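below are the sequence and a predicted model; questions follow.
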Protein chains: 2
Amino acid sequence: MSAPKTARGLEGVIALESKICSIDGTAGSLVYRGYDIADLAANCPFEDVAWLLWTGELPSGAESERLNSQLAAHRVLPPAVHEFLARVGEHAEPMSVLRTAVSMLPLYDHPLESDDDPLTQSIRLTARIPTIIAAFERRRAGLMPIRPLTHGSTAHNFLYMMTGSEPGEAAEHIFDTCLTLHAEHGLNASTFTARTVAATLTDLHSAVTAAIGALKGPLHGGANTAVMHMLQELESNQMSPQDFILTKLEKKERIMGFGHRVYRTIDPRAVILKELLQALSDEQGGSVWLDMSMEIMETMTASKNLYPNVDFFSASVYATLGIPADMFTPIFALSRVSGWTAHVLEQWNDNRLIRPRAAYVGPSGRSVGSTHTDKRPS
Amino acid sequence: MSAPKTARGLEGVIALESKICSIDGTAGSLVYRGYDIADLAANCPFEDVAWLLWTGELPSGAESERLNSQLAAHRVLPPAVHEFLARVGEHAEPMSVLRTAVSMLPLYDHPLESDDDPLTQSIRLTARIPTIIAAFERRRAGLMPIRPLTHGSTAHNFLYMMTGSEPGEAAEHIFDTCLTLHAEHGLNASTFTARTVAATLTDLHSAVTAAIGALKGPLHGGANTAVMHMLQELESNQMSPQDFILTKLEKKERIMGFGHRVYRTIDPRAVILKELLQALSDEQGGSVWLDMSMEIMETMTASKNLYPNVDFFSASVYATLGIPADMFTPIFALSRVSGWTAHVLEQWNDNRLIRPRAAYVGPSGRSVGSTHTDKRPS
């Protein structure tokens, strides 16, 4: 038997079969459970999309109502989690705070809740993550957290808990669409992490905690925060966006928000986000972030033949909504938890431990011998 | 281009090249950095093995001394972590506590410490995990945690902090050997998780937190606790070990601690653990766990041709040392953190995002259309 070739980064390897998400990188299409992302973004609220990801079907009216009641019932956090958020300090890194708070949740659940079926646990976690993020944002600003409403969508409640005032319909609609666009994307690094962890038959919170840690990385979800830092850097200097980018490219710096392991054309989510950003900008009488983004996109496409990905325009949308840059990746998690948990449910439905091998390329035949002295008690 | 075949569970897939660990599943050999596991177990303390895993070389006398000073300096936990452990409650699941405490650590680090090089961070984390586990064990027993000593090995300090009295040399030596045996094992599910998370260029604590969540699963590190529960079930009834196992097999129940994705013969760590258990049992004038384990092993080998893995005998060793069953998996983490962090260092040394693909086998061409009513504000 010849040794199998090393598939670095598992590029091109098909790790499993899934009924959740289909991506055509060449055509630039993204499909959740058979529905095109543009169709879902235009016609369904995030909660219905989450239900679709979890169950395979859009909810009936009654199912949708029940789901929204369940989400409303579970938005409140256990007191111990609030205490942690109150004491963690204003300089704490938001993704580390979210990772820790999610890891902590099952420790304070009512004993019966840990026996809930995985779908119910997924709904509860999807309800709680927005409250964690908003409560931390309030605490670090020296403000008291705001209790979630007993009504309203995930987007409505999140924007309300962040700012203290109920959002306008336009802002809610745009934010809701952003949640749908970020909900699921096949075996990206965090989702693959969630499935790998879940495949040991550990608990749902271990899988999601792990996924949050993966999403934090600048090669993954951390990219939208990095895009914003780039836009802020550009805003604070006197260069044109084109000169700014060309100078960076000359210095071989990486331009965040462009290119994707899967897409060979424009990311379909970037197309929708660009439209949302344009509508939002028109409403506000122009947006500096939109103007910069458009020129950066044109420069990158012309000079490097690289297309924007989901992170590029989401940064400007969130910034135009007044959200701080280091909250962008937590907001990605707020949405993607639906995809992560959908994949965990699918993994558990037909489980197999995920365990590849490494090709050993190190030394062999060494022995400790007399050169090394054992200092242990004998 | 024909579609690549799905590699379920990534079995047989070579995900990366590594210089850390070589396993021959047919010969039953396990080699860390070119040194056979039996050689290391017999001749090196755990700390030197951890250094070997991190750096590729056994430490010089001076390096070993410096490493032990660093470990001693970092065994103390930040006060906020002690507060969490004090308040989490006696019924908290130990791996969930450990996962949360490790996730929490960087939030309370001195700002300069987050800039430390990854090796220094790995040493600090390896120093702190035993203190977390022991402090939680004390707290749930209603006792105050014990401060680590300023001298002594990881094994010595851990057993001291668990029990309040310094361990005898035999117990320390056996426990130290257990740590070496569990330190590293190639791309097992938790280590592969750590590398997948690290490959997004996230932080070290995100990678280790994720790995702890994976290790918790009963198909991975959780197996040693499951073995103990089986032995306790056997002890509490009147059956012979052979009848007990044969009855379980007849009912198609899974016998924990047998078989391994990689080994087709006896796990070399099980061989060493069996000897340690025999020595420990002789010293104590016999061990009920040893007698049961030997008969179970013979029954499984004869009837199923399945061999014990590392989890099978480590359960009896820890039980004979007086350690509670639900601490076995945290102790696995206490040791394996050295391997996890060695793999993270190696990953970062030549990074590539780990992102396989899924084969889509779900429906296509659906549209939301008129059957679904959008309930969002327009």
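Here it is on my side, so go on. Numbering: from 1, shown residues only, chains lettered A, B, ... in the order given.

which single residue of the stretch 251-378 of chain A ends up nearest chain B?
Closest contact between the stretch 251-378 of chain A and chain B, by Cβ to the nearest Cβ, is at A:Gly362 (3.2 Å). The C-beta positions use only the backbone N, C-alpha and C, and glycine is treated the same way.

check which helix or strand covers A:Ala359.
Secondary-structure assignment from DSSP states H and E places A:Ala359 in strand A:357-360.

any residues touching that strand, and which ones?
A:3, A:6, B:12-22, B:186-187, B:262 (Cβ atoms under 8 Å, 6 or more residues apart in numbering or on different chains).

scan these and report the most crowded one.
Across these, the neighbour count under other Cβ atoms under 10 Å in any protein chain shown reaches its highest value at B:Leu187, namely 27 neighbours.

do you know the pLDDT at it?
On the pLDDT scale, B:Leu187 is placed at 94.

rewinding a little: for the residue nearest to the residue of the stretch 251-378 of chain A closest to chain B when sequence neighbours are not counted, list the residues it contacts.
The shortest distance from A:Gly362 to any residue other than its chain neighbours is 3.2 Å, reached at B:Lys19 (Cβ to Cβ, 6 or more residues apart in numbering or on different chains). Contact analysis of B:Lys19 by Cβ under 8 Å, 6+ apart lists A:360-363, B:33, B:56, B:346.

just the buried ones from those residues?
Buried residues within the contacts of B:Lys19, counting neighbours by 16 or more other Cβ atoms under 10 Å in any protein chain shown: A:360, A:362, B:33, B:346.

list just the nearest of the residues you listed to B:Ala319.
B:Arg33 (31.1 Å; Cβ to Cβ).

that closest one contacts B:Ser18, doesn't it?
No - between B:Arg33 and B:Ser18 there is no contact under Cβ atoms under 8 Å: 10.2 Å.

identify the contacts common to the two.
Residues touching both B:Arg33 and B:Ser18 (Cβ under 8 Å, 6+ apart) are A:Gly362.

quick check: the two most widely separated of the contacts of B:Lys19?
A:Pro363 and B:Glu346 (14.2 Å).

number of residues surrounding A:His260?
For A:His260, the neighbour count with other Cβ under 10 Å is 21.

do you know the pLDDT at the closest residue to it other than its chain neighbours?
The shortest distance from A:His260 to any residue other than its chain neighbours is 4.6 Å, reached at A:Asn309 (Cβ to Cβ, 6+ apart). What the model reports for A:Asn309 is a pLDDT of 89.

residue contacts, A:Asn309?
With contact set as Cβ under 8 Å, 6+ apart, A:Asn309 has these partners: A:223, A:257-260, A:263, A:267, A:269-270.

quick one: least confident of those residues?
Scanning these for pLDDT, the smallest score is found at A:His260, 79.

wait, doesn't it sit right on A:Asp267?
Yes - in terms of Cβ under 8 Å, A:His260 counts as a neighbour of A:Asp267; the distance is 5.9 Å.

so where's the stretch 51-200 of chain A uncertain?
Residues of the stretch 51-200 of chain A that meet the criterion pLDDT under 70 lie in A:111-114.

what's the distance between the residue nearest to A:Ser314 when sequence neighbours are not counted and A:Leu334?
With Cβ to Cβ, 6+ apart as the criterion, A:Ser314 has its nearest non-adjacent residue at 5.2 Å, and that residue is A:Asn224. Relative to A:Leu334, A:Asn224 is positioned 13 Å away (Cβ to Cβ, to the nearest Å).

quickly list what's touching both of these two.
Counting by Cβ under 8 Å, 6+ apart, A:Asn224 and A:Leu334 have no contacts in common.

give me the more crowded residue out of the two.
Counted by other Cβ under 10 Å, A:Asn224 and A:Leu334 do not tie: A:Asn224 has more neighbours, with 29 against 26.
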